[in-house]
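**Student:** Would you be able to build a 3D model of this:
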Amino acid sequence: MRVRRSVVRRSGTMSGRALAIAALAAGALAGCANPAADEALVAQTALVGMPKETLLSCAGVPERQASVDNREFFTYRSSRLVSYPSPPPVGYYGGWGWPYYGYGAGWPSYGYEVNSFDCEATFSLRNGVVERVVYGGATGGSARLGQCYAIVQNCMALVPQRTIKPSP
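**Tutor:** Residues are numbered from 1 along each chain as shown. The predicted model follows:
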């Protein structure tokens, strides 16, 4: 009796399992998208050219302002605290006997996790017109940009709708 061995050669394409894992990873990353952060980035260019009067009417009175020559700097700040209940410890707690079953290190202690999000947006104006918008703050990345959107949200409502131009 002769046993035949077959050799399977893999080409450069992804197997079904690898494709499923890649699709799952792409879906997970898409779930992390922050539309408010995206809009805050768009606002950095969309608000350029806005008159000072319009800026003050939509963003309000700045927390700080300074003037140098014919330039003005308006700084706005937005912050929020978010608290989440911390997950309970793993294990069984209590003593032996009714109504307690199992063992553990005593009673579970519950607490809260507190996260702080903040943004500082500085508008540079030259001759009464917004020239530049710069964001800063202690938190970074998408979390900060999402909080920055709270500052520019009302002003973005005044910007004409953006249209997507078809490519030639």
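**Student:** what residue ranges in the chain are flagged as low confidence?
**Tutor:** Low-confidence segments of the chain, defined by pLDDT under 70: 1-32, 87-110, 140-141, 162-168.
**Student:** all helices for it, in order.
**Tutor:** If DSSP state H is used as the criterion, the helices of the chain fall at 16-31, 35-46, 52-59, 141-156.
**Student:** Could I get the contacting residues of the residue lying closest to residue 157 once chain neighbours are set aside?
**Tutor:** Closest residue in space to residue 157, ignoring its immediate chain neighbours: residue 58 at 7.4 Å, by CB to CB, 6 or more residues apart in numbering. Backbone N, C-alpha and C define where each C-beta goes, glycine included. With contacts defined as CB atoms under 8 Å, 6 or more residues apart in numbering, residue 58 is in contact with 154, 155, 157, 158.
**Student:** Tally up the residues packed near the last one, please.
**Tutor:** Read that as residue 158. 13 (other CB atoms under 10 Å).
**Student:** what do you get for the third one?
**Tutor:** The criterion is other CB under 10 Å. On that basis, residue 157 has 8 neighbouring residues.
**Student:** now do residue 136
**Tutor:** Using other CB under 10 Å, residue 136 has 14 neighbouring residues.
**Student:** Nearest residue to it in space, please, no chain neighbours.
**Tutor:** The shortest distance from residue 136 to any residue other than its chain neighbours is 4.7 Å, reached at residue 120 (CB to CB, 6+ apart).
**Student:** For beta bridges, what are the partners of the one you found?
**Tutor:** residue 77, residue 136 (DSSP bridges).
**Student:** Near it, how many residues? Count them for me, please.
**Tutor:** In terms of burial, residue 120 registers 20 neighbours under the definition other CB under 10 Å.
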